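# after the sequence you'll find the predicted model.
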Amino acid sequence: MKKILLVLAVLCVQMFAKFETIEVNSEILNDPNIQIVDVRTPAEWAETGVINGAILVTYRNADGSINSDFVNEVKSKIDTNKKVGIICRSGARSKAASALLSDAGVENVINLGGGMNKVKNLPTVKP
């Protein structure tokens with residue numbers, strides 16, 4: 001029952017949140033005015049690497065539950081004067097994470113559609 005309520009809450013947040021979705025590309029990832037927050041899991045970071053300079057905050061725990069401290073962790077690591085680009089593997093988690101952050105008052109949130117799958121040929125670093 002808790003999982004159903006959590007899913008419903010996330011869906012409601014996504015309906016009313018204010019953020020934009022743009023397809024990820026190298027220009028966005030290299031823009032100094034956009035800070036990249038990678039919301040994948042530590043296992044995914046280790047497997048494929050991360051964008052150099054990305055802020056790493058997992059959105060979902062290993063058991064699939066949402067990281068209950070996600071918003072606070074992101075807020076503590078970002079510069080609120082810059083845009084925040086949220087990236088995951090394909091764009092689904094980043095969309096949910098973007099909605100959650102936007103609903104929590106984080107401004108200038110951008111969901112990076114397509115995620116790391118779209119930028120496979122760009123260099124990454126090990127976390």
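Perfect, thanks for sending it. Residues are numbered from 1 along each chain as shown.

# quick one: contacts for the spatially most central residue of the chain?
Note on the chain: the residue nearest the mean C-alpha position is residue 86, at 3.2 Å, using C-alpha atoms, centre = their mean. With contact set as C-beta atoms under 8 Å, 6 or more residues apart in numbering, residue 86 has these partners: 37, 39, 94, 97-98, 101, 109-112. All C-beta spots, glycine's among them, are computed from the backbone N, C-alpha and C.

# make it 6 Å
Contacts for residue 86 (C-beta atoms under 6 Å, 6 or more residues apart in numbering) come out as 37, 94, 97-98, 111.

# do the same with residue 21
By C-beta under 6 Å, 6+ apart, the neighbours of residue 21 are 111, 113.

# separation between residue 102 and residue 27?
Noted for residue 102: a distance of 23 Å to residue 27, by C-beta to C-beta, to the nearest Å.

# which one of those two has more residues nearby?
Each of residue 102 and residue 27 has its neighbours counted (other C-beta atoms under 10 Å); residue 102 has more, 22 against 8.

# right, and the helix or strand after the helix or strand of the chain at the bottom of the mean pLDDT ranking?
Least confident helix or strand, the chain: helix 2-16 with a mean of 54, by mean pLDDT, DSSP states H and E. Downstream of helix 2-16, the next assigned helix or strand under DSSP states H and E is strand 20-23.

# which ones among the contacts of residue 86 are found in strands?
Among those, the ones falling in strands (DSSP state E) are 37, 111.

# just the helices in the chain please.
With DSSP state H as the criterion, the chain has helices at 2-16, 26-29, 42-48, 70-77, 92-103, 115-118.

# number of nearby residues for residue 113?
Residue 113: 17 neighbours (other C-beta under 10 Å).

# equivalent analysis for residue 80, please.
10.

# measure the spatially closest residue to it that is not a sequence neighbour to residue 29 for me?
Sequence neighbours aside, residue 107 is the residue nearest to residue 80 in space, at 7.3 Å (criterion: C-beta to C-beta, 6 or more residues apart in numbering). According to C-beta to C-beta, residue 107 stands 20 Å off from residue 29.
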